[in-house]
Structure formats: structure tokens, C-alpha cells
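Asks: Sharing a model prediction with you, sequence too.
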Amino acid sequence: MCEVSVGDKKAIVMQPDVYDIHPAAPEISTFVRRYMCADTDIYLDSVMAPAPTGHCYMGHIFRGECWCVVDGEESRSHTGFHISCQVDQRSFEIKYRGRLGHVMAELAPTALYRLFGLPAASIHHLAVDWSDALDSSLAQTLMDRLTNLDNIEERVAAFDAMFEALAQSATPAVPHIDEAVQIIEANGGLTTVAELCEQLSVSERNLSRRFQQVVGISPKFFARAVQLNSVVGKLLTQDEKALTELAHECGFYDQSHFIKTMQQFFRQGPREFLNGDNHMFHVFIGEFRTKLHDTV
């Protein structure tokens, strides 16, 4: 493990092999992008400051502890089954303790709303228990499916089966919002809200209000998160490029604008990021974005 600065504190970034990436079943790709799974004998006593990804997460901590601290207040699941929503730029830390066992599904931006009728805005910047956020009988049914399994493969398969069943009764694509998400992601975040509204024939006020409710963040912030995640992928695979060239390629006015935005989202500039041991960023952001764009 290694320490990185987070404001006036030190954060421990976990070893790269703590989490592995597992693909979601193709049948649920509309709702689930991938799984991040940990099943380690390494004892953790760590804290990490996550960066915005534009996604919500739904998971099960079956061994050890994992909880959030938002603006100094703890937010944790009391059963180990958690829904973690959008992160913005407030003070936010994830703490880990023990020999962690964790399966976490990264959801498409509208998945909570379409699968569960849950507006992401209602649990923005929190990690809450399934039973607190979902219908109690549904939450209990989902939790029962995922307990007493033997290994990560069985747990991922159970998540796949759960999401496949939920997809059968999912609500249709949310008018304008699913389309807006697709446009933003297809363009690597280089789409303004005005351009979205023109393409979708909707007012900025209506799009922004509905997007914020369903996805949990504004379309402008989501686009910037997609753009910055794309930048991280490029930094990790094309670090020989000059920063100015990379800044222009990723839609920034100049290198200083690029560096300032990196610092806002990741609390580090691009050079610090490349020279640091940011293994969690590599797995949760950079590695995923690179693989996603290679396969889409």
C-alpha cells in the first residue's frame, strides 16, 4: 500500500490486486456495465478518496468492513448490501477494514430508476442499505439470493441472474435522459448541454431537471466526469504524449485548463497522477474506460 495526499490528510491506496474486474452478462449490459470484486486475505485498514465516475453502484460486502464518510459523517450499510450513488466534489472518503470480501455492480446511469423506480437524486452522495432504499420485500428477496454463496464466481452469477430477472419488468428508456447519456458517452463527454437540447428538441431547464433527478448529477457534471475518465484512460496508455496535445485531444482549451480540471476531480495534476501509485484509480476508472471504448 502507499499514501497519497487528500487535502491535509493521507489516504492509503490499496494494492492493485485487491479488486478484479468481472464482465456482466451481455443480456444485462443495458443496466450493468461490469463488476468489481474483492476476495482478499490481505488485512486492510485503509482510506481512499474516490473521484466522480458518473455511475452508481450496487453491491454486497460479505466479509470485512467498507463504509463512507461524507463531510465528516459516516454512511454505511447495516446489512452489507449497499447502494452507493453519484459522487460530486464534496469531501468523500471510503474506508476499508479487515479481509475484504466485496462484489459491486457498476450500474448504467439510469439503471436505478429503470430497475427499481429509485431516482438517484434521492440518495445522492450516500451509501445506503438496500432495505432503506428499496421496497422492503424486494430488498429482502434480493438479499436472500446473494447470501451463503461460496465464491466470487457464484456471487457474480447470482448478481447476473438477479439483474436479468429485474430487467424483465424494467421501465422503458427514460425519454431524453437515456438518449442524453448515450450521446455524452459516445462523444467522450465533449457535448454541451445546449448541443444535447438541440439534438433532443428539449429545453435546457427540463433536461437538466429531469437528468439530475434520474441520474443524480447534472448533465454538465456527468459530461465532465465522462471526459475526465476518458482522459485518465489516455494518460495510462499514452503517457508519452505531450500534455498539451493530450489536452486538446480531450477537448480542453489548453494545458492549464486540463491541469486545473484534473486537480478539481482527482486532487492531483496529470504528472502527479502518472508518477503516483494510484492503483484504485487505474482499476476503477482508467482501466475500465480504456476497455470500454475498445469494445464499444
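Replies: Great, that's in hand. Residues are numbered from 1 along each chain as shown.

Asks: where do the helices sit along this structure?
Replies: 111-116, 130-133, 136-145, 152-167, 177-186, 193-200, 204-215, 219-237, 243-249, 255-266, 270-275, 279-281, 287-295 (DSSP state H).

Asks: Out of those, flag the one nearest residue 41.
Replies: helix 152-167 (13.5 Å; Cβ to Cβ). All C-beta atoms are positioned from the backbone trio N, CA, C, and that covers glycine.

Asks: now the angle from that closest one to helix 136-145?
Replies: 150 degrees (axes from the mean of the first three to the mean of the last three Cα atoms, to 10 degrees).

Asks: name the helices or strands packed onto helix 152-167?
Replies: strand 19-23, strand 32-48, strand 92-107, helix 111-116, helix 136-145 (3 or more Cβ pairs under 8 Å, 6 or more residues apart in numbering; DSSP states H and E).

Asks: what about stretch 116-127, how long is it end to end?
Replies: 16 Å (Cα to Cα, to the nearest Å).

Asks: how about low-confidence regions in this protein?
Replies: 1-17, 89-91, 236-243, 274-296 (pLDDT under 70).

Asks: okay, now the domains of it?
Replies: According to automatic domain parsing, the chain comprises the domains 2-167, 177-295.

Asks: could you dump these to a markdown table with mean neighbour count?
Replies: A markdown table is the format used below for the domains of the chain (neighbours: other Cβ atoms under 10 Å):
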| stretch | mean neighbour count |
| --- | --- |
| domain 2-167 | 18 |
| domain 177-295 | 18 |
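
Asks: Now do the contacts for residue 74.
Replies: Residues in contact with residue 74 (Cβ atoms under 8 Å, 6 or more residues apart in numbering) are 67, 68.

Asks: in the sheet, who's paired with it?
Replies: Taking DSSP bridges as the rule, residue 74 bridges to residue 69.

Asks: Could you do residue 44 as well?
Replies: residue 98.

Asks: Touching, it and residue 95? I think so.
Replies: No: Residue 44 is not in contact with residue 95 according to Cβ atoms under 8 Å; the separation is 9.2 Å.

Asks: one step back: quick one, which of the helices of the chain gets closest to residue 75.
Replies: Nearest of the helices of the chain (Cβ to Cβ): helix 130-133, 10.7 Å.

Asks: now the farthest one out in this protein, which residue is it?
Replies: Most distant residue from the mean C-alpha position of the chain: residue 201, 28.7 Å away (Cα atoms, centre = their mean).

Asks: Please name the residues that touch that residue.
Replies: Contacts of residue 201 (Cβ under 8 Å, 6+ apart): none.

Asks: residues making contact with stretch 57-70?
Replies: Against stretch 57-70 from outside (Cβ under 8 Å, 6+ apart): 39, 44, 74-77, 80-84, 90-107, 112, 125-127, 130, 146-147, 155.

Asks: ugh, wrong one, stretch 151-161
Replies: 20, 22, 24-25, 27-28, 32, 35, 37, 39, 60, 62, 103, 105, 145-146, 149.

Asks: and what of stretch 165-185?
Replies: With contacts defined as Cβ under 8 Å, 6+ apart, stretch 165-185 is touched by 27-28, 30-31, 108-110, 113-117, 191, 196, 199-200, 202, 206-207, 210-211, 214-215, 219, 222-223, 226.

Asks: go again using 6 Å as the cut-off
Replies: 28, 109-110, 114-115, 191, 196, 200, 202, 207, 210-211, 214, 219, 223, 226 (Cβ atoms under 6 Å, 6 or more residues apart in numbering).

Asks: same deal with stretch 205-220?
Replies: For stretch 205-220, using Cβ under 6 Å, 6+ apart, the contacting residues are 85-86, 109-110, 113, 119-121, 124, 174, 176-177, 180, 193, 197.

Asks: center of this protein - which residue?
Replies: Short answer for the chain (Cα atoms, centre = their mean): residue 55, at 3.8 Å.

Asks: got the contact list for that one?
Replies: Applying Cβ under 6 Å, 6+ apart, we find residue 55 in contact with residue 106.

Asks: Swap in 10 Å and give it another go.
Replies: Going by Cβ atoms under 10 Å, 6 or more residues apart in numbering, residue 55 touches 33-34, 84-87, 105-109, 111, 120, 215-216, 222, 225-226, 229, 284, 288.

Asks: Check the contacts of stretch 165-185 and tell me the two furthest apart.
Replies: Most distant of the contacts of stretch 165-185, by Cβ to Cβ, are 28 and 202, 28.1 Å apart.

Asks: related to what we said a few turns ago, the contacts of stretch 205-220: which two are farthest apart?
Replies: 85 and 197 (24.9 Å).

Asks: Just to check, residue 121 is in contact with residue 86?
Replies: Yes: applying Cβ atoms under 10 Å, one finds residue 121 in contact with residue 86, separated by 8.5 Å.
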